[in-house]
Every structure is written in C-alpha cells, then in structure tokens.
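A.B. asks: next comes the sequence, and after it the predicted model I'd like to discuss.
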Amino acid sequence: MMSHNKDLTVEEITLECSEGITIAGQRWTKKSNSGPSSSEAPHRRRRILCFHGFLDNCRTFHLLAPYLVSRLDNVELVALDFPGHGLSSHKSLDSPPMMVINETCYHMRDACRSLQWEDGFILIGHSLGAIISVIYAASFPEQVQDLVLLDGYGPDNYDIFEMYMKEFKFRQKPGSSKPKGVVAERLRRHVQQRYDSNVKANSMLQNNNNKQKKKRTYSSIYTAVQARMRTAELSPGRQWISMAAALELVRRAVTLDEYPRVRFRHDPRFNLPPLQLNSIEQVDVYWSQIQTKTLWLRAIDGWPFPTAFTERAEAVLGNLGIVKYLPGSHHFHADPETADEVGHAVLQY
C-alpha cells in the first residue's frame, strides 16, 4: 500500500529472526530520504519503531506514521507485526506462545538487530504494544531514546485483575475463579488447552485436508470488519473503533478462504489463558528501570485502567513521565477523527 502523501513511501519489509520465523512490517520514509542519493546517511536518520496492540497489526499506524514522517526531517519509521499477527510467521507448536510477553521482546530485539538499529530509536507502543514497550525500554534502556505509550500500560499482574473486578464490576465467565491465588489453576488450564490445540493442529497437518479445518470464516471482508468493530464495543469501558480504522487492520489480518469468504490469520493460541503474569512489585521494577522520558497518551473513552494502578506507575516514573488525555477511544491514533491530535501530541513531546 502506498501513502496518500505523494512525498512519502511505504514499503513492505520482512526480517529473518535467529530461530527461523519471519517478522513482517512496513517502513515509512520521505522520498527525498529513501534513495541512495539522499544527502543524509541512513545511519544518521531519526528512527521510530512502532509496536501494535493485541490481534492488531502494523496498519494500526496507517495514519500516525505518515503524520510523523511528513513533519520530521530525515526520519525512518518502522511498524512491525508481532509473531502470529498480520503477515508475520506463526511460531512453531513446540515454542512458547506469544502470550508469554517477555518472549515477544526476544523477537523484537532480534528484529532490531536485523534493522541494524541497535544504536537507538524512539519507541511507540499501542495497547499490548505499550506493555511490550515498557518491558523493552526497561530491559534495553541504552536503545530506547524516547518512549510513547498509546492508551496502553505496563505488564499485567493479578492485582490489576482484582482492581478491574472491583472498580468496573467485570463479569466472569462461568466456571472461572477469582484472579487472586489461582496461578496454578491458570497454568493448569493453559497446559490443557494448549495440548488440545496442538493435537488438533497436528491432526490437520497429517491429514492435509483443508475441509477438516474448522476456523471461523466471514462472508466477506466487510462482515469481518463489522466483527472487529463489535469486538471493540464489547471491550471494557466505552470503547469503539471507526470503520476506516477497522478496515485497515482487517485487510492485513485476514486471508481468503473460498471467495468471497475470509478468515482471520492470527495464531489461535492467543486465546489461551496467560502462561505468565507478574506481581505488582515486579511491574514496579520494570517502570523503575526506564531511563528515558515517557509520554503516556490516554484516550478519554479508551481502556479503563484502574486508578490505583495508574497512580502507582506515575509515581514510580516520577519526573520522566508525562500523562495527557486526548479525545477518542482505544484506537484514537488510527481513527481519522482523532489521529491528528495524537500525532500533534507526539510531535510536541
């Protein structure tokens, strides 16, 4: 896909990881900086790396990326698809699932090596991408020059689940237990569901029969878009996503089944219970290890983070943290009506 701005180029990239999977993404540059005749050497460019949210992909930055690149001099922006998302490879059945969040940091570190960006970049993360950005910035502070969190937060933990239950009165699924003290139970459910998923996947590979695949399909890409919009509306708080933003995400997230039917290509193992959660003390350590300025942009109708948790993180960040509230919902950076204001806030920062 090409940007509507004729002065910009966006190209598909594929990065080989050391364990064999590929990470897909898109690279945004100005045409004046993209060719070999550019007056500035590539290693002197300002670099921006973007991480997307859960079950999204790099097209979540389809508006923010051109907004920033068109207004900054000599900048290169790369937005990546996490493993099992977008056009990136799925991880093998014998590897840890993506929902071991720290495992994703390994692949993003591998991607930075492939990009030859180890000498530093600005890191922008949305939602799940913000969680991974916090962990990455804490673990590799020498690489992250500035940190921007878009309606996302630090690593989840059992305490935050309890806060959600109390503050927002979330309904629990039948048969589920209270979050506190069920580490072993959640691990048990993860192990059993992961085993069942792997057995089913191996059976399909052995039979090599597409008719035996029972993945849900949609009658057209537009019904898939409507499903994505409903998912946002069913999320906590007063969330929504525009049709324009949902269409950008879904185009990259689906594959053709039997025309015109489509199905989502993401790794179904993402629906497994989390294999790893942190204690709130561990989360504090991540925040405390961040050594760069951090801009935290929150959508007014975005994800409803528990107040006690947000105040705790802000206190740990101290003078390094800047918090701003902007109009819009969880995908405020991707919705046409609110994306410019998000971009302006990032530029000011």
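C.D. replies: Structure's in. What do you need?

A.B. asks: need the helix or strand of the chain with the lowest average pLDDT.
C.D. replies: helix 158-168 (a mean of 62; mean pLDDT, DSSP states H and E).

A.B. asks: can you show me the helices along this protein?
C.D. replies: 31-34, 64-71, 101-115, 128-139, 158-168, 183-207, 221-233, 243-253, 280-289, 307-317, 339-348 (DSSP state H).

A.B. asks: can you list the low-confidence ranges for the stretch 151-300 of the chain?
C.D. replies: For the stretch 151-300 of the chain, applying pLDDT under 70 flags the ranges 158-187, 189-190, 194, 197-198, 201-214, 273.

A.B. asks: and what of the stretch 1-150 of the chain?
C.D. replies: 1-4, 33-44, 95-100.

A.B. asks: ok, residue 252 touching residue 79?
C.D. replies: No: counting by C-beta atoms under 8 Å, residue 252 stays clear of residue 79, with 10.8 Å between them. For every residue, glycine as well, the C-beta is placed using N, CA and C.

A.B. asks: what touches both of these two?
C.D. replies: 58-59 (C-beta atoms under 8 Å, 6 or more residues apart in numbering).

A.B. asks: higher neighbour count, those two?
C.D. replies: residue 79 (27 against 20; other C-beta atoms under 10 Å).

A.B. asks: does that one touch residue 56 like I think?
C.D. replies: No: shown here, residue 79 and residue 56 do not form a contact pair, counting by C-beta under 8 Å, at 10.4 Å.

A.B. asks: make CSV from the helices of the chain and add distance to residue 299 to it.
C.D. replies: Below are the helices of the chain laid out as CSV (distance: least, C-beta to C-beta, whole Å):
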stretch, distance to residue 299
helix 31-34, 31
helix 64-71, 13
helix 101-115, 22
helix 128-139, 12
helix 158-168, 16
helix 183-207, 29
helix 221-233, 12
helix 243-253, 13
helix 280-289, 21
helix 307-317, 13
helix 339-348, 9
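
A.B. asks: can you tell which of the ones you listed is closest to residue 148?
C.D. replies: helix 339-348 (5.8 Å; C-beta to C-beta).

A.B. asks: so which bits of the closest one are buried?
C.D. replies: Judged by neighbour count (16 or more other C-beta atoms under 10 Å), helix 339-348 contains these buried residues: 339, 341-343, 345-346.
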